[in-house]
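1. Model the structure of this input:
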Amino acid sequence: VPKEPAKPVVKTEPEQPKVVAVVKLLKPELISSTHPDQEAWYNSKEVIIGWPKNINASGVQTVFDSKPDTVAYGPVQYGVNQKILKGVRDGISYLHVRYVSKNNISETAHYVVRIDSLPPSDISIQTKQDEEHVRVLEISATDLHAGVSFANISIDSSAFVKVPFENGKAVYSIPESYEG
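-> Numbers count the residues shown, from 1 in each chain. You can find the predicted model right below:
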């Protein structure tokens, strides 16, 4: 009886699981060249806010509104790493930005913008005497958004003196040389 030819032995390796690496996208770090201090008030209504490009992100989503915790949504913008906003209204507004990739999105970063383009109103200046009979200027004023933080005072072309507002007014002791 003829022998059958030997069959080759095939070893199979167990199938390896597919590994997909998902890169976590960190939220953007927002900076502004026009409004760098998020606690300060500015009178400029043109706002520029930027963020670094992220090599792991294909684009960004942005929203500009009056809410501090909005999650950025909407169409993905590609190749964008700054937002230029013109004619921003007075008050407090927020830019919300998040990175987007094919498989992931970052947390939303928030940037607060404080704009007060209107001058103080209801300005009142009175000359009074304090408890020690020293003449003082008492200045009061109101401001819709930012409040009034100081007054610059100059008498007869003297150097300006910065006088802080406390409890809605600034009080400046008039030097004796200006008494009269």
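2. where's Val80 relative to Gly50, distance?
-> 10 Å (CB to CB, to the nearest Å). No exception for glycine: its C-beta is placed from N, CA and C like everyone else's.
3. Looking at those two, which is more packed in?
-> Per other CB atoms under 10 Å, whichever of Val80 and Gly50 has more neighbours is Gly50, with 18 against 14.
4. Next up, the contacts around the nearest residue to the more buried one once chain neighbours are set aside.
-> Nearest residue to Gly50 in three dimensions, chain neighbours excluded: Gln82, at 3.7 Å (CB to CB, 6 or more residues apart in numbering). For Gln82, the contacting residues are 48-51, by CB atoms under 8 Å, 6 or more residues apart in numbering.
5. Mind doing that once more with 7 Å?
-> Contacts for Gln82 (CB atoms under 7 Å, 6 or more residues apart in numbering) come out as 48-50.
6. As JSON lines, the residues you listed with pLDDT, distance to His110 and secondary structure would be great.
-> Output for these, formatted as JSON lines (pLDDT from 0 to 100; distance: CB to CB, whole Å; DSSP: H, G, I helix; E, B strand; the rest coil):
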{"residue": "Ile48", "pLDDT": "98", "distance to His110": "17", "secondary structure": "strand"}
{"residue": "Ile49", "pLDDT": "98", "distance to His110": "11", "secondary structure": "strand"}
{"residue": "Gly50", "pLDDT": "98", "distance to His110": "15", "secondary structure": "strand"}
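7. with these in mind, which one is nearest to Asn167?
-> Comparing the contacts of Gln82 against Asn167 with CB to CB places Ile49 closest, at 34.6 Å.
8. Mind pulling up the pLDDT for the nearest residue to that closest one once chain neighbours are set aside?
-> Leaving out its chain neighbours, the residue that sits closest to Ile49 by CB to CB, 6+ apart is Ser32, at 4.7 Å. Ser32 is assigned 98 on the pLDDT scale.
9. What separation do you get for Ser32 and Leu95?
-> 9 Å.
10. When those two are compared, which one has more neighbours?
-> Between Ser32 and Leu95, Leu95 has the larger neighbour count (other CB under 10 Å), namely 24 against 19.
11. I'd assumed Lys83 was in contact with the more buried one.
-> Yes. Counting by CB atoms under 7 Å, Leu95 touches Lys83, with 6.0 Å between them.
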